[in-house]
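Undergrad: Need a 3D model of the sequence below.
(2 chains)
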Amino acid sequence: DTAVSQTPKYLVTQMGNDKSIKCEQNLGHDTMYWYKQDSKKFLKIMFSYNNKELIINETVPNRFSPKSPDKAHLNLHINSLELGDSAVYFCASSQTAGVVRTGELFFGEGSRLTVL
Amino acid sequence: AQSVTQPDIHITVSEGASLELRCNYSYGATPYLFWYVQSPGQGLQLLLKYFSGDTLVQGIKGFEAEFKRSQSSFNLRKPSVHWSDAAEYFCAVGTYGGATNKLIFGTGTLLAVQP
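TA: Residues are numbered from 1 along each chain as shown, chains lettered A, B, ... in the order given. Presented below is the predicted three-dimensional model:
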């Protein structure tokens, strides 16, 4: 069983469309994250949820809206897609919100979004 | 502000040769430091971590890293590289304060291994 799974793995869409990426973890972790990896491989945190509560919200356009229906799921919805949104989006989880002290993030395989 | 710098974008080593990947961090408090590896098409996997104590830490797959506070560095090493080590390597620093703990990643070093 995959610990952190994301769907879809690949997404190609036109500018202006709305799309969603789903993430599920079966590790029993309390905390989940969305990271964006750009074309230069720079990995930047976007959001974090702990037990369905938003705890980290970096400077991200309002067009990005995360939702966590339960602590095992974290989805990312993107409205009005722009060319600059093209990237690989990684979902990750950690046992607790104190990830710095445990040190371990478990990553999904990524969802490559291409906006044309 | 906290940051991580990986000066080498791309490194090529021969199989069996030793490896050192550089990482420098900027953080005001005692750092929590990590190395992650990303194989093609995969998510990141934790190689090793430093919290405190012994400044030389061992990780998986035969990797080790040394924390040097005076140089603000946390370089990753391996004595003998295998072809399967070809991947992207990310150094990260953990920032903490209140409820918001997070990892800040460097821009990665792509390791190529030639026969």
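Undergrad: the strands in chain A, which residues?
TA: Residue ranges of the strands in chain A, as given by DSSP state E, are A:4-7, A:10-13, A:19-25, A:31-37, A:43-50, A:53-57, A:64-70, A:73-78, A:87-94, A:106-107, A:111-115.
Undergrad: can you list the residues of chain B near chain A?
TA: Neighbours of chain A within chain B, by Cβ under 8 Å from any Cβ of the partner chain: B:32, B:34, B:36, B:41-46, B:49, B:51, B:88, B:90, B:94-96, B:99-105, B:107-108, B:110. Where you see a C-beta, it was placed from the backbone N, CA and C, and this is true even at glycine.
Undergrad: Which pLDDT value belongs to residue 103?
TA: Here I'm looking at chain A. For residue A:103, the model assigns a pLDDT of 71.
Undergrad: that's the wrong chain, I wanted chain B
TA: At residue B:103, the model reports a pLDDT of 87.
Undergrad: The strand or helix carrying it packs against which elements?
TA: Assigned by DSSP states H and E, residue B:103 falls within strand B:102-105. Here strand B:102-105 touches strand A:43-50, helix A:99-102, strand B:3-5, strand B:87-95, going by 3 or more Cβ pairs under 8 Å, 6 or more residues apart in numbering or on different chains; DSSP states H and E.
Undergrad: Take the last one, keep the C-alpha atoms, and write them as PDB.
TA: Output in PDB follows, covering the C-alpha atoms of strand B:87-95 (Å, rounded to 0.1, in the frame of the first residue of the first chain):
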ATOM      1  CA  ALA B  87      19.200  11.300  -7.900                       C
ATOM      2  CA  GLU B  88      18.500  14.800  -6.700                       C
ATOM      3  CA  TYR B  89      19.600  15.600  -3.100                       C
ATOM      4  CA  PHE B  90      17.900  18.300  -1.000                       C
ATOM      5  CA  CYS B  91      19.200  19.800   2.200                       C
ATOM      6  CA  ALA B  92      16.600  21.300   4.600                       C
ATOM      7  CA  VAL B  93      16.500  23.300   7.800                       C
ATOM      8  CA  GLY B  94      13.700  23.000  10.300                       C
ATOM      9  CA  THR B  95      12.200  26.200  11.600                       C
END
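Undergrad: what number of residues lie near residue A:100?
TA: By other Cβ atoms under 10 Å in any protein chain shown, 22 other residues sit near residue A:100.
Undergrad: so what's it closest to, chain neighbours aside?
TA: Nearest residue to residue A:100, sequence neighbours excluded (Cβ to Cβ, 6 or more residues apart in numbering or on different chains): residue B:94, at 3.3 Å.
Undergrad: mind exporting stretch B:64-73 as PDB, just the C-alpha atoms?
TA: C-alpha atoms of stretch B:64-73 as PDB (Å, rounded to 0.1, in the frame of the first residue of the first chain):
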ATOM      1  CA  GLU B  64      26.600  10.400   6.500                       C
ATOM      2  CA  ALA B  65      26.600  14.100   7.200                       C
ATOM      3  CA  GLU B  66      28.700  16.400   9.400                       C
ATOM      4  CA  PHE B  67      27.300  19.400  11.200                       C
ATOM      5  CA  LYS B  68      29.800  22.300  11.500                       C
ATOM      6  CA  ARG B  69      28.400  25.200  13.500                       C
ATOM      7  CA  SER B  70      31.400  27.400  12.800                       C
ATOM      8  CA  GLN B  71      30.900  27.100   9.100                       C
ATOM      9  CA  SER B  72      27.000  26.900   9.100                       C
ATOM     10  CA  SER B  73      27.400  23.700   7.100                       C
END
